[in-house]
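Colleague: one predicted model, sequence on top.
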Amino acid sequence: MKYLLMIHSSETDDGKATPADLQSLMQAYGAYTEALNKAGVLLGSNRLRPTTDATSVRVRGGKTEVLNGPYAETREQLGGYYLIDVPDLDAALSWAARCPTSSYGTIELRPIWEMQTEQAGQPRYVR
Amino acid sequence: MSEAPSPAAHAAELAARRSYGKLVAFLAARTRDVAAAEDALAAAFEAALRDWPRGGVPASPEAWLLTAARRSLIDAARRRKTRDDAIPDLRLFADESTDDAPARAIPDDRLLLMFACAHPAIEPGVRAPLMLQTILGFDAASIASAFLVAPAAMSQRLVRAKAKIKQAGIPFRLPDADDLPERLAVVLDAIYAAYTEGWSDAAGTDARRRNLAEEGIWLGHLITVLLPDEPEALGLLALMLHAQARQAARRDARGEYVPLAEQDPAAWDHALIDQAETLLRRASALATAATIGRYQLEAAVQSAHVVRRLTGRADWDAIVRLYDALAALTGSPVVWINRAVAVAETRGAVAGLAALDEIAADARLADYQPYWAARAGLLARSGDVAAADAAYQRAIGLEADPAVRRFLQRRRDALRAG
């Protein structure tokens, strides 16, 4: 099954990290990504720019509203993700627990909603 | 039912009771779809009741039911063949149907199903109900009434939990060795929750709840058979058997509450006590410092209480030591209350009260009947009649069981008379 591991942590706290902290975190992430790769479970991964760089958009009554900032103000923010393919939730949980941010932030696991190939006539996001 | 069941109906019912959980587990472990497995089995039982009276009861009712349930699963998969999971389902069942699988023994996957039901991703309150439904075949209405929840709400929570198992990819396999102790603890907690729901009906008026205590013990037996070397599983079964052994002694002939210290050991079920003691010995032979958990300690407390049947006195020193260990392990205020009562037995009421005072600030205890009853009893023994009277009043006001309420009232009256 495919799972999206969403990495949440406090941007405020992250901002207080020393260069040495950041360097060791980057190394930990490098090793983690490598481990996922070696295990053959990694489908994709990215780090996100902070929410200060976020822009949100919605269309209401035919009018496009563009908002400066993230969709929701939360204590911890989405900072990156890994998309993995593993046999089951326990396997996904054990990978999530190894993610360096799990020791100070929160990793949310969401199973990917698999689309069927049979409904070829429809756009992929319609179910 | 008023009329005697036909032999076929009786055989179907027997097979249902013996095999229900096993068949659900077998099917669910292969499709990860508990609800579909239950539906398929329901259809299979319906077919059995229709066919067996005409054609006779098959040689292996279990295998017959499994074949029928598989057929029904395949039919269901064909009907919704555009659904995402239909193709693997079909392939899976085709594979197993071709090699005459029913002729072989059906693997027992009930343990895997229990671990799935008690997975940390499942809402804690629904884990025990989910086990009762999938392993024992209880319907949502019976479970709801036992857990004092509205049937519609219970049924919705069960449906949601089964969907979660399927959609979140909760596995049907034994947890890794690292995770096993923690996961097993959750399974044991769910079994104990089922047992205590049944045990709390002391008057034995509610057949469904009484049944639940027996089913809890049955699940406890099952887990010790499937995982014979887990000390905590043995400890839980020992604890439940100890409690069950004193079940009838909790009320006198007139239905009045009898506290443990005043129960006549002759009213205890000594065969059950012996079974519990054997289990506890097996557990302590297997246990290491890391695997002595709350169930072994609580069972040992029970054992130290009922040693009174042999020596005339509970082993209060051991009870204090066991509660010390339990308090260190769980930090539960309930443990502290029991410990304080045991301290009063070994070092006097004043020492017991001092032990109780250590947790008096815990806000959770303000509405907790056993705290006030313990406090009242210790105050009465230390001679503080006014404070004891006030504590009895709090305890009486918080008690839901009329028999216990009458008992506390009698104690309070005795206080005034004395």
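Modeller: Yep, that arrived. Numbering: from 1, shown residues only, chains lettered A, B, ... in the order given.
Colleague: so what's whatever residue of chain A ends up closest to chain B up against?
Modeller: At 3.7 Å from chain B, residue A:88 is the closest residue in chain A, using CB to the nearest CB. All C-beta atoms are positioned from the backbone trio N, CA, C, and that covers glycine. Contact partners of residue A:88, counting by CB atoms under 8 Å, 6 or more residues apart in numbering or on different chains, are A:1, B:169, B:170, B:171, B:173.
Colleague: one more: residue A:4?
Modeller: A:81, A:82, A:83, A:109, A:110, A:112.
Colleague: so what pLDDT did residue B:48 get?
Modeller: The model reports residue B:48 with a pLDDT of 88.
Colleague: wait, what's in contact with it?
Modeller: Counted by CB under 8 Å, 6+ apart, residue B:48 has contacts B:8, B:12, B:15, B:61, B:64, B:65, B:68.
Colleague: what about 7 Å?
Modeller: Contact partners of residue B:48, counting by CB atoms under 7 Å, 6 or more residues apart in numbering or on different chains, are B:12, B:65.
Colleague: tell me the pLDDT of residue 121.
Modeller: All of this is about chain A. So, for residue A:121, pLDDT stands at 46.
Colleague: not what I meant, chain B
Modeller: pLDDT, read off for residue B:121, is 94.
Colleague: what about the helices in chain A?
Modeller: Here chain A has its helices, by DSSP state H, at A:11-15, A:19-38, A:89-98.
Colleague: most tightly packed of the ones you listed?
Modeller: helix A:89-98 (a mean of 20; mean count of other CB atoms under 10 Å in any protein chain shown).
Colleague: so which residues make contact with it?
Modeller: With CB under 7 Å, 6+ apart, helix A:89-98 has contacts from A:3, A:5, A:32, A:36, A:84, A:86, A:102, A:107, A:109, B:121, B:168-171, B:175.
Colleague: drop anything exposed from those.
Modeller: The neighbour-count test (16 or more other CB atoms under 10 Å in any protein chain shown) marks A:3, A:5, A:32, A:36, A:84, A:86, A:107, A:109, B:168-171, B:175 as buried among the contacts of helix A:89-98.
Colleague: farthest-apart pair in those residues, please.
Modeller: A:32 and B:170 (24.2 Å; CB to CB).
Colleague: quick one: low-confidence ranges for the chain?
Modeller: Just so you know, I chose chain A. A:116-127 (pLDDT under 70).
Colleague: hmm, I had chain B in mind actually
Modeller: B:1-5, B:16-17, B:81-104, B:200-210, B:418.
Colleague: want to throw the contacts of residue A:4 into JSON lines with distance to chain B?
Modeller: Shown next, in JSON lines, are the contacts of residue A:4 (distance: CB to the nearest CB, whole Å):
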{"residue": "A:81", "distance to chain B": "17"}
{"residue": "A:82", "distance to chain B": "16"}
{"residue": "A:83", "distance to chain B": "14"}
{"residue": "A:109", "distance to chain B": "8"}
{"residue": "A:110", "distance to chain B": "9"}
{"residue": "A:112", "distance to chain B": "10"}
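Colleague: residue numbers of the stretch 101-250 of chain B in contact with chain A?
Modeller: Residues of the stretch 101-250 of chain B that fall close to chain A, judged by CB under 7 Å from any CB of the partner chain: B:121, B:167, B:168, B:169, B:170, B:171, B:175.
Colleague: next one: the third one from residue A:106, what distance?
Modeller: By that I understand residue B:168. As judged by CB to CB, to the nearest Å, residue B:168 and residue A:106 stand 17 Å apart.
Colleague: check the fifth one too.
Modeller: Distance, residue B:170 to residue A:106, using CB to CB: 20 Å.
Colleague: what of residue A:26?
Modeller: Separation of residue A:26 from residue A:106 (CB to CB) stands at 20 Å.
Colleague: how near is the nearest residue to residue B:385 once chain neighbours are set aside to residue B:390?
Modeller: Sequence neighbours aside, residue B:415 is the residue nearest to residue B:385 in space, at 5.9 Å (criterion: CB to CB, 6 or more residues apart in numbering or on different chains). Counting by CB to CB, the gap between residue B:415 and residue B:390 amounts to 11 Å.
Colleague: check residue B:183 too.
Modeller: When residue B:183 is compared with residue B:390 (using CB to CB), they lie 45 Å apart.
Colleague: who has more neighbours, these two?
Modeller: Shown here are residue B:183 and residue B:390; by other CB atoms under 10 Å in any protein chain shown, residue B:183 has more neighbours (19 against 16).
Colleague: can you tell me the closest non-neighbouring residue to the more buried one?
Modeller: Distance criterion CB to CB, 6+ apart; nearest residue to residue B:183, sequence neighbours excluded, is residue B:175 at 4.3 Å.
Colleague: tell me how far residue B:143 lies from residue B:383.
Modeller: 48 Å.
Colleague: also residue B:234?
Modeller: Counting by CB to CB, the gap from residue B:234 to residue B:383 is 44 Å.
Colleague: residue B:299: what's it in contact with?
Modeller: So residue B:299 contacts B:235, B:238, B:239, B:242, B:276, B:280 (CB under 7 Å, 6+ apart).
Colleague: what's the first helix or strand after the helix or strand containing it?
Modeller: Residue B:299 belongs to helix B:294-306 when assigned by DSSP states H and E. Using DSSP H and E, the helix or strand that follows helix B:294-306 in sequence is helix B:308-311.
Colleague: coming back round to it: ok, so of the contacts of residue A:88, who is nearest residue B:212?
Modeller: residue B:170 (24.7 Å).
Colleague: how about the contacts made by the closest one?
Modeller: By CB under 7 Å, 6+ apart, residue B:170 lies in contact with A:89, B:116, B:119, B:121, B:164.
Colleague: where do the strands of the stretch 251-400 of chain B begin and end?
Modeller: Using DSSP state E, counting those that start in this stretch, no strands are found in the stretch 251-400 of chain B.
Colleague: re the thing from before, so for residue B:234 and residue B:383, which residue has more residues nearby?
Modeller: More neighbours surround residue B:234 than the other of residue B:234 and residue B:383, with 29 against 11 (other CB under 10 Å).
Colleague: could you measure from the more buried one over to chain A?
Modeller: Using CB to the nearest CB, to the nearest Å, residue B:234 is found at 25 Å from chain A.
Colleague: helix, strand or coil for that residue?
Modeller: The three-state label for residue B:234, taken from DSSP: H, G, I helix; E, B strand; the rest coil, comes out as helix.
Colleague: next, count neighbours for residue B:361.
Modeller: Residue B:361 is flanked by 7 other residues according to other CB under 10 Å.
Colleague: which non-adjacent residue is nearest residue B:219?
Modeller: Nearest to residue B:219 is residue B:191, by CB to CB, 6+ apart, at 4.7 Å.
Colleague: and the helices in the stretch 1-150 of chain B?
Modeller: For the stretch 1-150 of chain B, applying DSSP state H, counting those that start in this stretch gives helices covering B:7-31, B:34-55, B:61-79, B:86-98, B:110-117, B:124-136, B:140-146.
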